Every structure is written in structure tokens, then in C-alpha cells.
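> Output the structure for:
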Amino acid sequence: MKLVFATHNPNKLKEIQQLVPSYIELVSLDMIGCMTDIPETATTLEGNARIKADFITNTYQLPCFADDTGLIVDSLNGEPGVYSARYAGAENDSNANMDKLLANLSDKQNRNAYFNTVIALNLNGKTHIFDGSIHGEIIETKKGDNGFGYDPIFQPKGYKKTFAQLPLSIKNKISHRALAFKKLITYLNSTHDK
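Numbers count the residues shown, from 1 in each chain. Model prediction:
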């Protein structure tokens with residue numbers, strides 16, 4: 001089964017390909033020739049995931065899933081949240097986003113935060129929603145070279161390392177995205193077995 005993952009991000013594709021069962025051929029937007037920058041205009045993560053999945057399903061008539069992820073910081077009233085990728089501007093510049101977040105947290109004692117991923121899957125004429133979260137804190141300086149996005153400043157609860165310092169094998173077990181994708185894959189397996 002060919003399944004489109006509505007992303008242009010090769011890091012996200014690589015992360016998820018390791019989780020997908022062998023009967024699924026996972027393809028990215030680039031691989032189906034979609035160069036459209038799908039606008040994420042919703043005010044919720046679920047809304048943005050639905051917009052992206054619906055655009056691909058309606059345009060290409062292919063089963064598709066899309067995700068949207070937000071970093072929610074307690075002491076910043078939930079910022080950056082739905083605007084996580086473009087927190088410091090439309091360029092989706094991870095370093096600029098992290099620098100802005102660290103600056104906004106410079107006078108805050110509470111550095112608790114969590115990542116939330118919501119996935120919308122369009123399959124057989126229906127939309128299914130899956131989500132996953134992981135709690136942790138924002139550390140004061142960037143550490144580590146792995147991962148992407150806010151990974152160098154997010155330290156998951158129970159760990160002494162940031163997502164960017166942890167090996168992908170561990171991140172793929174505990175991350176918000178991994179938890180949401182496990183629910184997606186469990187669902188895909190349950191429909192495949194019938």
C-alpha cells in the first residue's frame with residue numbers, strides 16, 4: 001500500500017520510515033511531485049494536520065497522513081504552540097526559534113514544557129486522528145547535534161540529555177511523534193489484518 005506522509009522534511013520521513021511496517025510504501029510530498037506549500041491556517045494542531053491531509057487526498061487521490069506538532073511552554077501561556085515552526089518568523093528557522101524561546105524564558109523559573117503531535121490519517125474515505133505527548137523542560141543552552149526543531153533545548157522528563165543528545169533509537173521510543181505514530185501504525189495493522 002502506498003501511503004503519503006505529507007511532509008517535505010527528510011528528517012521526519014527518516015524518523016518515521018523506521019517505524020512503518022514493510023507492507024506500506026511510505027512516500028513524501030517530494031516523491032509524489034507535490035511542491036505546493038500547503039498553508040497551515042488553523043488555530044489548532046489537529047486543524048493543521050487535517051488541512052494538509054485533505055489537500056493531498058483531494059488533489060492526488062492518495063491515502064495520506066499529515067502531522068502537526070507544537071511545543072507548549074507552561075510559563076509562556078502555551079507558546080509557541082501551533083506556531084512552533086514559525087515562532088521567530090515565516091522562514092521556519094530552528095535556531096532563530098530556539099533563540100527566541102530561550103530569550104522569552106530568560107526571566108522565568110518554570111521551564112516546564114511538552115511536545116504534542118496530532119496526526120490526521122485519510123484512508124478509505126474516512127479521517128482518523130491520533131496524538132502523542134511527552135513532558136519535559138526547556139534547558140538554558142542548546143546541547144546535542146541529533147534531531148531537529150527544538151530538540152537541542154528540550155530535555156524529556158526522566159532523562160539527563162536533550163532530544164538532540166539522545167540516540168534516535170531512544171527518541172523513537174519515547175517522543176511525542178513516536179507515540180502518535182505508534183497509534184497510527186497499530187491502527188494500520190488492525191485494518192491490514194482483516
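> Leu179 versus Lys161, what's the distance?
Lys161 is 19 Å from Leu179, where distance means Cβ to Cβ, to the nearest Å. In short, each C-beta sits where N, CA and C put it, glycine included.
> ok, now Asp93?
27 Å.
> Between these two, point out the one with more neighbours.
Taking neighbours as other Cβ atoms under 10 Å, Asp93 and Leu179 compare with Leu179 leading, 18 against 15.
> buried residues in the host helix or strand of that one?
Using DSSP states H and E, Leu179 maps to helix 176-192. For helix 176-192, burial by neighbour count (16 or more other Cβ atoms under 10 Å) applies to 176-181, 183-185, 188.
> With adjacent residues omitted, what lies nearest to the residue most central in space within the chain?
Nearest residue to the geometric centre of the chain (Cα atoms, centre = their mean): Thr69, 4.1 Å. Closest residue to Thr69 apart from its sequence neighbours, by Cβ to Cβ, 6 or more residues apart in numbering: Thr117 at 4.5 Å.
> for that neighbour, helix, strand, or coil?
strand (DSSP: H, G, I helix; E, B strand; the rest coil).
> Show me what it is bridged to.
Note on Thr117: beta-bridge partners by DSSP bridges are Thr69, Gly132.
> neighbours around Glu15, how many?
Neighbour tally, Glu15, other Cβ under 10 Å: 19.
> What's the separation between it and Glu140?
Applying Cβ to Cβ to Glu15 and Glu140 gives a distance of 26 Å.
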